[in-house]
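S.K.: 3D model of this:
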Amino acid sequence: MSTRITVLPVAGRAVPDPQAGDLLPAEGREVPDNAWWRRRLADGDIITKAAKAAKPKGAK
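M.R.: This next block holds a predicted model:
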């Protein structure tokens, strides 16, 4: 079984999901942890749900 991560698009970005054949919804989606999604993360197109939760309250 491959590792999966939950990702969310950054505000104002439309990110295609090649596996689902649509755009990543604003509420996020669980996807395979592979090169495609790691590249989107490196490019700043998405964030992981864990990273969003780790953001301190009051941070901009």
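S.K.: where does the residue nearest the centre of the chain land in three-state SS?
M.R.: Centroid-nearest residue in the chain: Val7, 2.5 Å away (criterion: C-alpha atoms, centre = their mean). Here Val7 is recorded as strand under DSSP: H, G, I helix; E, B strand; the rest coil.
S.K.: residues in contact with it?
M.R.: Leu24, Gly28, Arg29, Val31, Trp37, Arg40, Leu41, Ile46, Ile47, Thr48, Lys49 (C-beta atoms under 8 Å, 6 or more residues apart in numbering). C-beta: built from backbone N, CA, C; applies to glycine.
S.K.: Skipping its backbone neighbours, what lies nearest it in space?
M.R.: Nearest in space to Val7, with sequence neighbours left out and distances taken as C-beta to C-beta, 6 or more residues apart in numbering, is Ile46 at 4.5 Å.
S.K.: about what we covered before: show me how to select, in ChimeraX, the buried members of the contacts of Val7.
M.R.: Selection of buried members from these for ChimeraX, criterion 16 or more other C-beta atoms under 10 Å:
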select :24,28,29,31,37,40,41,46,47,48
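S.K.: right, and the residue nearest to Val7 touches Arg38 too?
M.R.: No. Counting by C-beta atoms under 8 Å, no contact exists between Ile46 and Arg38, whose distance comes to 9.8 Å.
S.K.: Please name the nearest non-neighbouring residue to Ala20.
M.R.: Among residues not flanking Ala20 along the chain, Arg29 sits closest, at 7.3 Å (C-beta to C-beta, 6+ apart).
S.K.: residue contacts, the one you found?
M.R.: With contact set as C-beta under 8 Å, 6+ apart, Arg29 has these partners: Thr6, Val7, Asp17, Ala20.
S.K.: give me phi/psi at Pro25?
M.R.: Dihedral pair for Pro25: phi -70, psi 160, per degrees, to the nearest 10.
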